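Trainee: Coordinates for the following, if possible.
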Amino acid sequence: MSQEIFASLVGSGPAMQQVKKLILQVAQTDATVLILGESGTGKEVVAQALHNVSDRSNKAFIPINCGAIPAELLESELFGHEKGAFTGAITARKGRFEMAEKGSIFLDEIGDMPLPMQVKLLRVLQERIYERVGGNKSFECDVRVIAATHRNLEDSIEAGDFREDLFYRLNVFPIEMPSLRERPEDIVELLEFMLSRIQANGRKIPTFSEKALIALQNYPWPGNVRELGNLSERLSILFPGLPVDYDDLPAKYQVELPEDAQLIVAPKAEDSQVSSVEVLQNTTAEKDELDEKLSNANSSSNAFESSDLVNTTPNLDEGLDLKSYLVEMEVQLIQRALSQTDGNVSQAAKLLQTNRTTLVEKIRKYDLS
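Mentor: Model (predicted):
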C-alpha cells in the first residue's frame with residue numbers, strides 16, 4: 001500500500017486499516033460510494049484517496065458541498081448553464097459534472113440536497129446523461145460519483161427529506177468513517193502528522209507529556225479530527241518549542257483519568273504505515289547488511305558490553321561505513337537508556353531527550369526489547 005496515496009489518511013489502528021482496505025477494494029471498480037460519518041472525521045480525505053488509487057487518478061477530482069450552495073443555484077453548479085439561462089448568465093458555463101468528466105465528483109453533505117435536485121441527480125445516476133440549465137442538449141456522463149453525509153439518511157427518508165430510490169443508488173458501496181473517540185490509538189499519530197505540517201511552515205511546535213497525551217485519548221472529541229487539528233494549531237501558538245503537560249491543556253481537555261490509564265499507540269502495519277516519524281530506507285543489500293549488524297549488536301548483553309561504540313573512538317584508517325556505525329551507536333544508546341530506567345520507555349525518552357512516540361518507533365524498528 002503506497003504511503004503517498006494515504007499520506008493524509010493518517011491512522012494505523014484497526015478501524016483505519018479497515019477503511020483503507022475498503023478503499024483499495026472499491027477503487028478497482030466504478031461503483032458509486034457513500035461515505036458516512038460524523039462531521040470532522042475526514043470524509044473528503046477518504047474521497048480524495050479513493051480517487052487517487054483508482055484508474056481515474058489522472059483525471060479531475062471535483063468536490064462540491066451540496067449544503068453550502070443555495071438551492072436555486074445548485075443545479076447550475078452541478079450541470080452548468082447556457083448563456084441567458086437566467087439573469088446574470090452572460091456566458092455559458094460548465095458544471096461540476098462536466099468538469100469531472102472521466103474523473104470523480106465528490107458530493108459532500110448529500111443529505112442536505114433539496115428534494116427537487118435529488119430527482120435530477122437520480123436521473124444522472126440512472127441514465128448517465130444531463131442537460132445544462134437553459135439548454136436542451138444532452139451530455140453523456142462518465143463520472144465516478146462519491147457522496148458523503150453526516151446525517152442518518154434512513155432517518156431522513158422516514159422524515160420525507162430524502163428520496164429512498166436515490167439512497168439505494170448512492171449506497172452501492174458504503175464506507176463508514178469511525179469517529180475519533182472510536183480510535184484513540186491514532187491520536188498520537190494524527191497529532192504528530194499535524195504538528196509536522198506546522199513545523200514544515202518554519203514554525204516551532206510543542207512537545208507533549210505522556211499524561212497530556214493520555215488525557216487527549218480520553219477526551220470524547222465531538223469535533224473529531226478537525227477539532228484535533230484546531231487544538232494542535234492553538235497549542236503551537238501558545239507553546240512554540242515548549243513542553244505541554246496535562247495542566248497546560250485547555251480546561252475541557254483536562255478530563256478525569258482512570259487510575260490505570262495508559263498511553264495507547266497503534267502498531268504500524270508494514271504494508272500501510274503512515275507516520276511522521278523517520279523511516280529508515282535502504283536498498284536490499286544495505287538492509288541485509290544492517291540487519292546482520294543489528295543482530296550481532298542485540299545478540300546478548302555481553303556482546304553489547306564488549307563492543308560498546310559509545311565510549312570508543314572509531315578507527316578511520318581502514319574506512320568506516322558511517323550509516324551502519326550511526327545505527328549501531330543509536331541502538332546501543334537506546335539499550336543503555338532502557339537498561340538505566342528498567343525498561344521504562346517514558347523515562348528513557350527523557351534521558352535521550354526525544355519524544356516517547358519516536359522512541360517507541362525506534363524500539364520497534366530495531367526489534368529491541
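
Trainee: for this protein, longest helix please?
Mentor: helix 322-340 (DSSP state H).

Trainee: which SS state does Ile175 fall under?
Mentor: strand (DSSP: H, G, I helix; E, B strand; the rest coil).

Trainee: and it, what are its bridge partners?
Mentor: Residues in a beta bridge with Ile175, per DSSP bridges, are Ile35.

Trainee: And it, how close does it get to Met99?
Mentor: Distance, Ile175 to Met99, using Cβ to Cβ, to the nearest Å: 24 Å. Quick note: C-beta positions are derived from backbone N, CA and C, even for glycine.

Trainee: Please say which of the two ends up with more neighbours.
Mentor: When neighbours are counted by other Cβ atoms under 10 Å, Ile175 comes out ahead of the other of Ile175 and Met99, with 21 against 14.

Trainee: ok, the more buried one - contacts?
Mentor: Counting by Cβ atoms under 8 Å, 6 or more residues apart in numbering, Ile175 touches Val19, Leu22, Ile23, Val26, Val33, Leu34, Ile35, Leu36, Val46.

Trainee: Am I right that the fourth one is in a helix?
Mentor: If I follow you right, that is Val26. Yes: when three-state DSSP is applied, Val26 is found to be in a helix.

Trainee: Chain neighbours aside, what residue packs nearest to it?
Mentor: Phe173 (4.8 Å; Cβ to Cβ, 6 or more residues apart in numbering).

Trainee: need the contact list for Phe239.
Mentor: Pro206, Asp248.

Trainee: Just want the phi and psi numbers for it.
Mentor: Backbone geometry at Phe239, expressed as degrees, to the nearest 10, gives phi -130, psi 60.

Trainee: do the same with the one 10 residues further on
Mentor: When read as degrees, to the nearest 10, the backbone of Leu249 gives phi -70, psi 150.

Trainee: Surely it and Ala212 touch.
Mentor: Yes: Leu249 is in contact with Ala212 according to Cβ atoms under 8 Å; the separation is 5.9 Å.

Trainee: what bits of this protein have low per-residue confidence?
Mentor: Scanning the chain for pLDDT under 70 picks out the ranges 1-5, 268-315, 355-357, 369.
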